[in-house]
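J.: Could you look at this predicted model? Sequence included:
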Amino acid sequence: MRENYDFSKSTPNPHAKQKKKQVTIRLDEDTVNYFKSMSEEKGIPYQSLINLYLRDCASQNRELKLEWA
């Protein structure tokens with residue numbers, strides 16, 4: 001291992017802006033099972049699928065439509 005490293009020609013991490021924050025969220029078991037089954041089909045972790053879905057909703061400024069019976 002070197003004593004010194006030269007980082008003067010390095011570039012910033014392009015993914016640094018996409019840091020993730022750990023949160024606790026309560027989801028219905030059916031919802032989790034839905035994303036888990038989809039994750040097996042797609043080969044993507046289910047938490048990543050939930051994140052992708054929520055990110056898409058946020059980027060499209062989707063509004064929640066609730067209908068009470």
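T.: That came through, no problem.

J.: which other residues reach stretch 34-48?
T.: 32, 49-50, 52-53 (C-beta atoms under 8 Å, 6 or more residues apart in numbering). Using the backbone N, CA and C atoms, a C-beta is placed for each residue, glycine as well.

J.: Setting aside sequence neighbours, what's the nearest residue to the spatially most central residue of the chain?
T.: With distances taken as C-alpha atoms, centre = their mean, the chain has Asn51 as the residue nearest its mean C-alpha position (3.1 Å). Distances taken as C-beta to C-beta, 6 or more residues apart in numbering place Lys20 nearest to Asn51, at 7.6 Å, with adjacent residues excluded.

J.: Return the distance of the residue nearest to the centre of the chain relative to Tyr5.
T.: Separation of Asn51 from Tyr5 (C-beta to C-beta, to the nearest Å): 34 Å.

J.: before we move on, what about Lys17?
T.: Using C-beta to C-beta, Lys17 is found at 24 Å from Tyr5.

J.: will you turn the contacts of stretch 34-48 into TSV that also has secondary structure, pLDDT and neighbour count?
T.: Below are the contacts of stretch 34-48 laid out as TSV (DSSP: H, G, I helix; E, B strand; the rest coil; pLDDT from 0 to 100; neighbours: other C-beta atoms under 10 Å):
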residue	secondary structure	pLDDT	neighbour count
Val32	helix	97	13
Leu49	helix	95	16
Ile50	helix	96	19
Leu52	helix	94	12
Tyr53	helix	95	12
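
J.: Since that was my last question, I'll sign off now.
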